[in-house]
Structure formats: C-alpha cells, structure tokens
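Trainee: here is a sequence with its predicted model. Questions after.
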Amino acid sequence: MRARWFYGWNVVAAVFVMAMVSFGLGFYSLTVYLATLQRLHGWSAVTVSMPVTVYYLAGALVTMTIGDVYARLGPRVVVALGGLALAAGVAALGSVTRPWQLYPVCLVMSLGWGALSGAAINIILAPWWQRRRGLAVSLAFNGATLGGVVVTPALILSIGALGFARAAATAAVVALAVLAAAVAVLRRGPEDVGSGPDGDSPSAAPPRPAALEPGWRREALRSWRFWSVSAPFALGLAAQVGVLTHLVALVTPTLGIGGAARAVSTATAMAMLGRLATGLVVDRVNRRLVAGVTLAIQIAGVLVLARAASPATIYLGCALFGAGVGNLTTLPGLILAVEWPRERFAPLVGFVVGINQFTFAFGPSLVGVLRDRTGGYAAALVACAALQAIAGVTVLCGPKPVTKT
C-alpha cells in the first residue's frame, strides 16, 4: 500500500516560497538598494547604512513577539499582512529623494521582515515536524538563499533596464503575487489535515505541549544555555549582515555591475549548497560543532575578501563567505529544538532571533563607519572576521543538549 502524501511537505514548499520573497527583497537586496541610492544621490555609506540599522532594530522588536502573533492569528493572516508591508516598503524605496525618507520606508518594511524572516520559518514548520525537523527547516531556508540567487540579481538587472522606481514597483507586485500562492497552501498544523507530525497518524502525535510556567523567560535569560546560543549567532550575524549589506559596493569597483550580480549569486548559491549539505547531516551530529565549522569557513572568506586584488580572489572570497551564510540563520532554531522543551520552542525562537536581529542591526553601520573613516573596506572586514572568531569560540563552549521534557 502506497504511503499517503504528507501535507507537511506542501507547507515546506510554501515556506520555501515565502522565504525566497522575504529574504530576497528584505535581506539580500538591501545591498542593492544601498548601492543604488549611493549612486543616484551621492550619499555616503553611513547615510544609507543608518536607516538599515533602524530597519533591523524595528524588525527585531516585531520578531520578539511574532510567536504570539502567529499563535493568535495563524500563518495565513500573518504572512499576508507581512507581505503587504514588505511590498509597500520596497515600492516606496524607488521614490525616495531625501535621506530622511529612508527611515519611515524602512520602518514599514521592518513590519514585513519581522513577520516573514527566520523566526517565522521555524514557527510555521514546528507543528509539522519532529523527527525530520532539521531537514524540513533546512529545505525551507533554501528558499531564503534562492532569494539571493534569483531575486537580487534580477533586481540588479531590472534596475538597469527600467530604472530604480519602476524596478522597485515591479518587484513589489511580483512579490505579492508569489506570496498569495504561498498563503493559499499554509495551514496551522497537521491536525488541520487529519494527520500528526512527520505524517504519523493523529493518535501517534505527541501530547499537546504543557502551558508555559510564569517567569520562564526570566529563567532563560539567566541561563548560559540561552546566551551560548543567542550571543554567538548575534555576533556572527552582525558580521555577516555587515558584509552582505555592503557587498555590492565592495566588489563593484573591480567587477562592475554585472560582476557584482555574479558575486552575489556566487555567495548565495554557495549558501544554498552549504545549507542543503547541513540539512542532510544536522539531525545526526552535534549542531554546535556544525556552527563552529560554519563560522570558521566564513572567517576564511571574509579575510580573502579583505585582501582580494583580482576578480578570481573576490569570487573565491564570496564562495567561502557564502557557504556559511545560510547556516547562520538556520542553526539557532535547530539548536534550540534539541536543547529546550518543546512547549518553549515557538516563543523562544522568536525571542532569540529578535535579540540576534537587534544586535546584527548594527553590522551595516559598523562596516559603513569603518569604511568612511579608513577609505576602504579592509579594516571593516577584519573587524567582521574578529566578531565571527569570538562567535565560534562561544558557541562551542555551550552546554551539551539535555533530554527534553
């Protein structure tokens, strides 16, 4: 008898599409927006970086409470509203003519980013998967990487063909159409389709999680187990986001616009391969060790970029750096899933991702300030590598997983 198709895979596909749009326009393409605004208006790196910091800070506040919002409204409503906010912000970017206008636009975009980013991917998929959660989350997060491979280069090319304003408006319309298809597929959990997690029968599903005891967040904040996940990924992502945000401006003088698009595609394609490889093994290995290896590879890539003097070395640096890009957004939730009780996962992952996002919000400004003060990106890249080294040591010093209750 042929096994029945598990609807959870449909949800993985829908979240894949959601991530492609949200990360494509709300994460990877930030470097395109900044480079384009600098070119069109002659604004400094700091001028265009500060609104991005505000964007990530506001998004962090949304992310820290998004678990409760998903629980109350369900994924369909939250993804639809988040998509509207993200698309509206992207469309408005094309009409910006003054630096101050970037701030309200970024605030609107941050509502969509906070609702559709990494915490959302983990929260939507958590009810559907237990045994194969690592694989499911890694596959869905590859949509985020595909956003960098497809959406960002397409945006660069469309800006060249249509101009910034028309390209931004077109991207917003396409994003809404694609997200509408994803929303139609989403469901709250396997019980909505008469199934249990991983496609098991409903009777085999684990019992409903116990109610959270009062003060558990305070308890988590006092624990080394919590901070040994949150702190290293916050530092690592601060470095990663700083590099990604300035990547187009960094490589364009050597590679040109077309080469910059290929460099972004190289980094994001390697991110997809790295995340896929991790997804195949992460359910069977120490996830903190995977994080340490990921950060070591990224450090090598950042240092190559800092010394890059030719197109070949730039592409090599982008490839090494990109190999870890996807895993740094995937691994926090996967580590939390094996180190904390199931009933705490959804609110805790939003809390951790929010703290991480609050911290990495300063990455673009850090790189921008160092670039403007030194006249180049080398010092900024070395600083990013140092942050990632600290992150790697910290995550490896975390406690061993405990048996969940």
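Mentor: Yes, it's here.
Trainee: lowest-confidence helix or strand of this protein?
Mentor: When each helix and strand of the chain is scored by mean pLDDT, DSSP states H and E, helix 216-221 comes last, with a mean of 73.
Trainee: could you point out which element follows it?
Mentor: Counting by DSSP states H and E, the next helix or strand C-terminal to helix 216-221 is helix 224-281.
Trainee: I'd like the average pLDDT over that next one.
Mentor: The pLDDT scores in helix 224-281 average 86.
Trainee: before we move on, what about stretch 182-195?
Mentor: Mean predicted lDDT for stretch 182-195 stands at 89.
Trainee: pull out the buried residues from that stretch.
Mentor: By neighbour count on 16 or more other CB atoms under 10 Å, the buried set for stretch 182-195 is 182, 183, 185, 186, 187, 188, 189, 190, 195. For glycine as for every other residue, the C-beta is placed from the backbone atoms N, C-alpha and C.
Trainee: and the helix or strand that residue 184 is a member of, what other elements does it pack with?
Mentor: Taking DSSP H and E as the criterion, residue 184 maps to helix 164-185. Secondary-structure packing of helix 164-185 (3 or more CB pairs under 8 Å, 6 or more residues apart in numbering; DSSP states H and E): helix 8-23, helix 75-93, helix 152-162.
Trainee: wait, which of those is closest to residue 270?
Mentor: Set against residue 270 and scored by CB to CB, the helices and strands packed on helix 164-185 come closest in helix 152-162, at 14.1 Å.
Trainee: and that closest one with helix 164-185, angle?
Mentor: Counting by axes from the mean of the first three to the mean of the last three CA atoms, to 10 degrees, helix 152-162 lies at 140 degrees to helix 164-185.
Trainee: any figure for the gap between the closest residue to residue 308 other than its chain neighbours and residue 165?
Mentor: Excluding the flanking residues, the one nearest residue 308 by CB to CB, 6 or more residues apart in numbering is residue 314, at 4.5 Å. To residue 165, residue 314 is 30 Å away according to CB to CB, to the nearest Å.
Trainee: who has more neighbours, these two?
Mentor: Comparing residue 314 with residue 165 by other CB atoms under 10 Å, the one with more neighbours is residue 314, at 23 against 15.
Trainee: which elements pack onto the helix or strand where that one lies?
Mentor: Following DSSP H and E, one finds residue 314 within helix 311-339. Here helix 311-339 touches helix 118-125, helix 133-146, helix 224-281, helix 287-307, helix 345-360, going by 3+ CB pairs under 8 Å, 6+ apart.
Trainee: looking at these, which is buried most?
Mentor: The highest mean neighbour count among those, using mean count of other CB atoms under 10 Å, belongs to helix 118-125: a mean of 27.
Trainee: so how far is that one from its chain's centroid?
Mentor: The chain centroid and the centroid of helix 118-125 are separated by 11 Å under CA atoms, centre = their mean, to the nearest Å.
Trainee: again, but for stretch 117-130
Mentor: Chain-centre distance of stretch 117-130: 13 Å, with CA atoms, centre = their mean.
Trainee: using PDB, write out every CA atom in that stretch.
Mentor: C-alpha atoms of stretch 117-130 as PDB (Å, rounded to 0.1, in the frame of the first residue of the first chain):
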ATOM      1  CA  SER A 117      12.000  36.100   8.500                       C
ATOM      2  CA  GLY A 118      13.900  33.300  10.200                       C
ATOM      3  CA  ALA A 119      11.700  33.100  13.300                       C
ATOM      4  CA  ALA A 120       8.600  32.700  11.100                       C
ATOM      5  CA  ILE A 121      10.100  29.800   9.200                       C
ATOM      6  CA  ASN A 122      10.800  27.900  12.400                       C
ATOM      7  CA  ILE A 123       7.400  28.800  13.900                       C
ATOM      8  CA  ILE A 124       5.300  27.800  10.900                       C
ATOM      9  CA  LEU A 125       7.100  24.400  10.400                       C
ATOM     10  CA  ALA A 126       7.400  23.500  14.100                       C
ATOM     11  CA  PRO A 127       4.000  21.900  14.500                       C
ATOM     12  CA  TRP A 128       4.500  19.700  11.300                       C
ATOM     13  CA  TRP A 129       7.800  18.100  12.100                       C
ATOM     14  CA  GLN A 130       9.600  16.300  15.000                       C
END
